[in-house]
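Novice: The sequence and its predicted three-dimensional model are supplied below.
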Amino acid sequence: MTSFVPILAAVVPALPLAGAVLPLLARTPNGADRVGLAVAFPTAAAALWLAVIALARGGQPALHGHWYLLDGASGVLLAVTGVVGLCSALVSPAYLRAHRHGSSSARDSGSWYYSALLLFWAALLAVPIAGNLAVVWLLVEATTAASALLVAFSGVREALEAGWKYLVLTTLGLSVALLGIVVLAVNQARAGRHGLSALDWHALQDAAHALPASATLVAFVLLLAGLATKIGWAPVHNWLPDAHSEAPAPISAMLSAALLPSVLLVAWRVKETLEPSVGAATTRVVFIGFGVASILVAVPFLWRALPWKRLLAYSSLEHMGVIALGIGFGTPLAIAGVVLHIAGHALAKSLGFYAALPLLRHDPAAASRAPGGVANASPSTAAAMGVSLVALAGLPPSPLFLSELLILLGGIAAGCALVSAIAVIGLALGFLGLLHALIEGVVGEGTPRPRGLPRAPERSIVALTAILGTALLALAATGLLLPGSSFVESLARGVL
Amino acid sequence: MSSVVVNAMLALAVGVIVVRRRSVAIVLVGAQSLALSIGALQLSSGRSGGFLLAALVLLSKAVVLPALLFALMRRTREARLVVAASGPLVRLAGAGALALFAVSVVPPLGLGNTHIEHAAVALVLIGIAIVVARRPAFFQLLGLIVAENGLSLLAVSVPGGLSYVIELGALFDLALVVTVAAAFAQRIHSELGTGDTELLRALRD
């Protein structure tokens, strides 16, 4: 089966990349919808096929060729990005229909929406399988260009502000990361290793122990500081709540569930690559520092009465912090938690963003204030919001309960009991904040459902709740098998 | 690369943070890109054909980007100059402090030429400072280009040259980002009637 890998690894990003032209040829909005879906299904199928190949290898060494790298972490991210991208494409027609009614300027913009979505998806799918640090940087920068347009898609002033802030801050962050890459290239060149291949993940890892420690440390710090801006780790997270809350809901799901963990994987690979030169203690401090800061900065906002998508955005900040902690701890238990957390967060968070579609349809004011008593107006929307919040809060049987437990136990096993204790307090406060939002926003008093609203968007959210809710339960069950597995042991030895 | 070219790049960056008129700032950024490409062409003798190609692309950047920026400027005419958050002397002092910070803090990066290393880091920091200190979206876009020129300075100075694939890829990405940013700047101007990003402050918690 592995003989297909080079072809499949090329096909996965090539499908949406080539398909991005097709929506522009559509003559009607419905035609653009159909073309978008026609490209989305084979793209997701190819991504999942490649993910299955990667995950089925268990603890075997990574597959890598001239330009690609396929390991267990690639498999997890490919699966997540494939599923979330497909779900976002499926719910996009409902978003665009509502948007066409609300804005005359966006009446004919569905074609551009699908083109940008497919370009964004193509870059996202390529990030976890690219075998070269410089190429990965180019891909991450490409995600910025494509997704910034989508963030500002609605055209309202707030969306422009969010899109501009996102574009400028993440581009500056990535410039800092590129400076780190150039520093690595300089030192590789001085050691006689020239050309693009000198920045292959494996070439860097092989050479890292011989690179000058101080220059490599500078490169590591620059890379992590730059990538942190794109991941949305505190304190360089300013763009995240704005972009997630102002983007179309299907795009918010892709930003939170796929983009953030994909760039986090890049940071993880940088850690594994440069650790021989920089030292495990230094890399651990940097990841744990970002992790703790992100959790602590997010918690006060989880207690506030925020608009639904903005609340989910701060929850993303918290969860990226949890994943950073797990990678920082680096023990097999913590890494099992990281894998489970990436997948569980993606499913729960994307469901939460998809629930925003019917929510804003029956209560448009919920875009700018906290929702209240959604269950009275729309039980199916409330169910989706409830499943999402319960899962994100980490209430059993959510897979995020198990993943957070594994990460914290992994922290204790790593000798970081104090950090684990701080994280427990932060996560407990975050849990209570989200529970408060669940009670006030979903179950509490609210307005009755407006008459005459079509049922179609609600039928799709019922279906998505059933599918993603079942997937969350299945993930929780699978998570029990992860600790001690050869798959996790292999990842704990390094994501390369 | 000669120290004259490097110093000229630094001076032009400092100019962008100080000047008020967008047309002058475009000329300064264009001149900086031109200085960079001249420096790269100086280095291209004895290097690969790919490096020469990258240097020529840098040269085209010095022509194409200012043309694009002038076109954007004509489409987004300002009724009056955007009031700066701080005076030019304060901004100049800030840029000088950043350059000194770069010189004093950054350890050797391995290039073997501390002047270029310091200048490259200072240019990236000044680019960031332009984004932070200047309110018009147009100047923030110029800040991104100044920072990228700093990166290119370091990249072309790598012994043997950085892979031209990376340089061309980075330039393509820059072109992509500048195009998207220009589209944003135009939308912001049509929405607000000005490019002053200070007016974009609705999103607060």
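Specialist: Nice, I can see it.
Novice: pLDDT score for residue A:264?
Specialist: Looking at residue A:264, its pLDDT reads 98.
Novice: Return the set of buried residues in the helix or strand hosting it.
Specialist: In this structure, residue A:264 sits in helix A:260-278 according to DSSP states H and E. For helix A:260-278, the neighbour count (16 or more other Cβ atoms under 10 Å in any protein chain shown) marks A:260-278 as buried. Bear in mind the C-beta positions are built from the backbone N, C-alpha and C, glycine included.
Novice: surely residue A:367 meets residue A:360?
Specialist: Yes. Between residue A:367 and residue A:360 a contact is recorded at 5.7 Å, counting by Cβ atoms under 8 Å.
Novice: which of the two has more neighbours?
Specialist: Neighbour totals were compared for residue A:367 and residue A:360, and residue A:360 leads with 22 against 19 (other Cβ atoms under 10 Å in any protein chain shown).
Novice: so is the more buried one in a helix, a strand, or just coil?
Specialist: Secondary structure state of residue A:360, per DSSP: H, G, I helix; E, B strand; the rest coil, is helix.
Novice: residue contacts, it?
Specialist: Residue A:360 is in contact with A:98, A:249, A:366, A:367, counting by Cβ atoms under 8 Å, 6 or more residues apart in numbering or on different chains.
Novice: ok, so of the residues you listed, who is nearest chain B?
Specialist: residue A:367 (11.9 Å; Cβ to the nearest Cβ).
Novice: tell me the contacts of that closest one?
Specialist: A:307, A:309, A:360.
Novice: I'd like those residues as a markdown table, with distance to residue B:81 appended.
Specialist: Shown next, in a markdown table, are the contacts of residue A:367 (distance: Cβ to Cβ, whole Å):
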| residue | distance to residue B:81 |
| --- | --- |
| A:307 | 36 |
| A:309 | 37 |
| A:360 | 40 |
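Novice: give me the low-pLDDT residue ranges for chain B?
Specialist: Residue ranges of chain B with pLDDT under 70: B:46-54, B:161.
Novice: The same query, at a cut-off of 50, please.
Specialist: Scanning chain B for pLDDT under 50 picks out nothing.
Novice: likewise the stretch 101-250 of chain A?
Specialist: In the predicted model, the stretch 101-250 of chain A carries pLDDT under 50 at residues A:104, A:106-107.
Novice: Let me know the secondary structure of the residue located most distally from the centre of chain A.
Specialist: Distance from the C-alpha centroid of chain A peaks at residue A:192, with 37.1 Å (Cα atoms, centre = their mean). On the three-state scheme (three-state DSSP), residue A:192 is labelled coil.
Novice: report the longest helix in chain B, please.
Specialist: Looking across chain B with DSSP state H, the single longest helix is helix B:164-192.
Novice: most surrounded residue in the contacts of residue A:360?
Specialist: Neighbour-wise, the contacts of residue A:360 (other Cβ under 10 Å) top out at residue A:249, 26 neighbours.
Novice: count of neighbours near residue A:397?
Specialist: Look at residue A:397: counted by other Cβ under 10 Å, it has 13 neighbours.
Novice: check which helix or strand covers the residue nearest to it when sequence neighbours are not counted.
Specialist: If the residues on either side of it in the chain are set aside, residue A:397 comes closest to residue A:476, at 5.1 Å by Cβ to Cβ, 6 or more residues apart in numbering or on different chains. Per DSSP H and E, residue A:476 falls inside helix A:456-479.
Novice: ok, the residue lying closest to residue B:173 once chain neighbours are set aside - how many residues close by?
Specialist: Distances taken as Cβ to Cβ, 6+ apart place residue A:141 nearest to residue B:173, at 4.5 Å, with adjacent residues excluded. Other residues within reach of residue A:141, judged by other Cβ under 10 Å, total 24.
Novice: How about the one 3 residues further on?
Specialist: By other Cβ under 10 Å, the residues close to residue A:144 number 25.
Novice: Spell out which parts of the stretch 251-400 of chain A neighbour chain B.
Specialist: Residues of the stretch 251-400 of chain A lying near chain B by Cβ under 8 Å from any Cβ of the partner chain: A:301, A:304, A:306, A:310.
Novice: Please determine how far the closest residue to the first one other than its chain neighbours is located from residue A:307.
Specialist: To tie it back to what came earlier, the one meant is residue A:301. Closest residue to residue A:301 apart from its sequence neighbours, by Cβ to Cβ, 6+ apart: residue A:314 at 4.0 Å. Residue A:314 sits at a distance of 11 Å from residue A:307 (criterion: Cβ to Cβ, to the nearest Å).
Novice: now do residue B:71
Specialist: Here the criterion is Cβ to Cβ. By it, residue B:71 lies 38 Å from residue A:307.
Novice: do the same with residue A:258
Specialist: Taking Cβ to Cβ, one finds residue A:258 at 22 Å from residue A:307.
Novice: And those two? Which one has more around it.
Specialist: residue A:258 (29 against 22).
Novice: Residue B:201: what secondary structure?
Specialist: Of the three states, residue B:201 takes coil under three-state DSSP.
Novice: now do the one 3 residues further on
Specialist: Remark: residue B:204 carries the secondary structure label coil [criterion: three-state DSSP].
Novice: residue contacts, it?
Specialist: Residue B:204 touches nothing, counting by Cβ under 8 Å, 6+ apart.
Novice: contacting residues around the spatially most central residue of chain B?
Specialist: Centrality entry for chain B: nearest residue to the mean C-alpha point is residue B:146, 1.1 Å, by Cα atoms, centre = their mean. Contacts of residue B:146 were listed using Cβ under 8 Å, 6+ apart, and they are B:13, B:16, B:29, B:32, B:123, B:126, B:127, B:130.
Novice: in which helix or strand would I find the fourth one?
Specialist: The reference is to residue B:32. According to DSSP H and E, residue B:32 maps onto helix B:22-43.
Novice: likewise the fifth one?
Specialist: Following DSSP H and E, the helix or strand that holds residue B:123 is helix B:114-133.
Novice: Go ahead and produce PDB holding the CA coordinates of that helix.
Specialist: Written as PDB, here are the backbone C-alpha positions of helix B:114-133 (Å, rounded to 0.1, in the frame of the first residue of the first chain):
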ATOM      1  CA  THR B 114      28.100  41.000  11.800                       C
ATOM      2  CA  HIS B 115      27.300  44.200   9.900                       C
ATOM      3  CA  ILE B 116      24.900  42.400   7.500                       C
ATOM      4  CA  GLU B 117      23.500  40.300  10.400                       C
ATOM      5  CA  HIS B 118      22.800  43.400  12.500                       C
ATOM      6  CA  ALA B 119      21.400  45.300   9.500                       C
ATOM      7  CA  ALA B 120      19.100  42.500   8.500                       C
ATOM      8  CA  VAL B 121      17.700  42.100  12.000                       C
ATOM      9  CA  ALA B 122      17.300  45.800  12.400                       C
ATOM     10  CA  LEU B 123      15.400  46.000   9.100                       C
ATOM     11  CA  VAL B 124      13.000  43.300  10.200                       C
ATOM     12  CA  LEU B 125      12.500  45.200  13.500                       C
ATOM     13  CA  ILE B 126      12.000  48.500  11.800                       C
ATOM     14  CA  GLY B 127       9.500  46.900   9.500                       C
ATOM     15  CA  ILE B 128       7.600  45.700  12.500                       C
ATOM     16  CA  ALA B 129       7.900  49.200  14.000                       C
ATOM     17  CA  ILE B 130       6.400  50.800  10.900                       C
ATOM     18  CA  VAL B 131       3.400  48.500  11.200                       C
ATOM     19  CA  VAL B 132       2.900  49.400  14.800                       C
ATOM     20  CA  ALA B 133       3.700  53.100  14.700                       C
END
